[in-house]
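Asker: got a predicted model here, sequence first, then my questions.
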Protein chains: 2
Amino acid sequence: MPKFNVSVTVMFRPNILDPQGAAVERALKNQAGLASGVSISNVRVGKVISMTVEGSDERGVQERVKAIADRILANPVMEQYSVEVLEESAK
Amino acid sequence: MPKFNVSVTVMFRPNILDPQGAAVERALKNQAGLASGVSISNVRVGKVISMTVEGSDERGVQERVKAIADRILANPVMEQYSVEVLEESAK
């Protein structure tokens, strides 16, 4: 069966406070020179889960991984996720 | 100045043990039916930091964010990161 590189990105929903992102934003403002020349806002911290999935086709893999994300990778009440599936190139 | 949507993905280096990824993999194997029809391996858990950056050009933003990632977002001894910069479309 073909192999796919799958990555699931899980972020808090936009209306949920993200204290970790707020802490990063504060750190950037407090460290002189670190963000010089640019202005940074809207920092959000999420998680990414990468995996190798062997399955018959891309569509089936995508659906299976979505079921997994709903059940054990994300909390759908507070978080949203996106699934990216890339077929592993033949070597 | 133009705005850019930047996301930084931080993962453990491949030779560093990832206990969180191993726990997810175990959970998938223990929950009957959750991974039915596919075979999942090599699960790794990392973090993703998304932000809005205002800067003069894409290249400058990329370099500035890399400096920030080296200093406060990642631990370069144990972690590796990638930076993705997308210009926000004009509305």
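Answerer: That came through, no problem.

Asker: CA atoms for contacts and neighbours, from now on please.
Answerer: OK.

Asker: for residue A:78, what are its contacts?
Answerer: Shown in contact with residue A:78 (CA atoms under 8 Å, 6 or more residues apart in numbering or on different chains): A:12-13, A:16.

Asker: in chain A, which residue sits furthest out from the middle?
Answerer: residue A:32 (29.3 Å; CA atoms, centre = their mean).

Asker: so that one, which of the three states?
Answerer: coil (DSSP: H, G, I helix; E, B strand; the rest coil).

Asker: ditto for residue A:68
Answerer: helix.

Asker: which residues touch it?
Answerer: B:34-35.

Asker: same thing with residue A:1?
Answerer: Contacts of residue A:1 (CA under 8 Å, 6+ apart): A:54-56.

Asker: do you know how far it is from residue B:60?
Answerer: Between residue A:1 and residue B:60 the computed distance is 43 Å (CA to CA, to the nearest Å).

Asker: ok, residue A:23 next?
Answerer: 24 Å.

Asker: circling back: and of the contacts of residue A:1, the nearest to residue B:64?
Answerer: Checking those against residue B:64 with CA to CA, the nearest one is residue A:54 at 38.1 Å.

Asker: for the closest one, give its distance to residue A:69.
Answerer: For residue A:54 relative to residue A:69 (CA to CA), the value is 17 Å.

Asker: swap in residue A:76?
Answerer: 9 Å.

Asker: more crowded one of the two?
Answerer: The residue with more neighbours, out of residue A:76 and residue A:69 and counting by other CA atoms under 10 Å in any protein chain shown, is residue A:69; that gives 21 against 15.
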